[in-house]
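In: need a 3D model of the sequence below.
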Amino acid sequence: MVHALTLAHSLLAPGGLLLNVHDLPIPHVIEVHAGGKEIKAGWLMDSSDFNDEREALNALSEVVEMGQYVLEDEREFDFKVHADNLAELQDMLAEGWQSAVLPKATIKRVNWILGESSGGAAVVLVVPTRMTRLRAG
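Out: Down below sits the predicted model:
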């Protein structure tokens, strides 16, 4: 990741701006949105303990310490991924996030909540995310 940020620095004009967006290295919430309510159903875990996310945050710190970039701003927000059902969310995770782990208790609770809803429900992955604005130094 440091190599990629260094390469990006070489492509930026002096004083150029880089926006970096990454998931935070913490478990993500699984919600079910049904009947106008947002019900927390459990967590999405990561079999690598969110190692990629940690490495990305460490790389940002490293290039700022090296003086390649000046940290101008950081903001955290929840990025929400909506799925029509649990199977759709599981398919999306299988395609793009092989280390994602949906605990059995979360699957069971999501299925129970969906079973209790009268239709129109969605399964939502809430991803804590940080956006960092860096200025080329």
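In: only C-alpha atoms from now on, for both contacts and neighbour counts.
Out: Will do.
In: for this structure, what spans make up the helices?
Out: Taking DSSP state H, the helices of the chain run over residues 2-11, 51-65, 86-96, 104-116.
In: in space, what's closest to the residue nearest the centre of the chain - neighbours in sequence excluded?
Out: Taking C-alpha atoms, centre = their mean, the centroid of the chain lies closest to residue 23, which sits 3.3 Å from it. Nearest non-adjacent residue to residue 23, counting by C-alpha to C-alpha, 6 or more residues apart in numbering: residue 129, 4.3 Å away.
In: so what's the one you found bridging to?
Out: residue 23, residue 77 (DSSP bridges).
In: tell me, how many residues neighbour it?
Out: By other C-alpha atoms under 10 Å, the residues close to residue 129 number 19.
In: just checking, it touches residue 80?
Out: No - taking contacts as C-alpha atoms under 8 Å, residue 129 lies outside contact range of residue 80: 9.8 Å.
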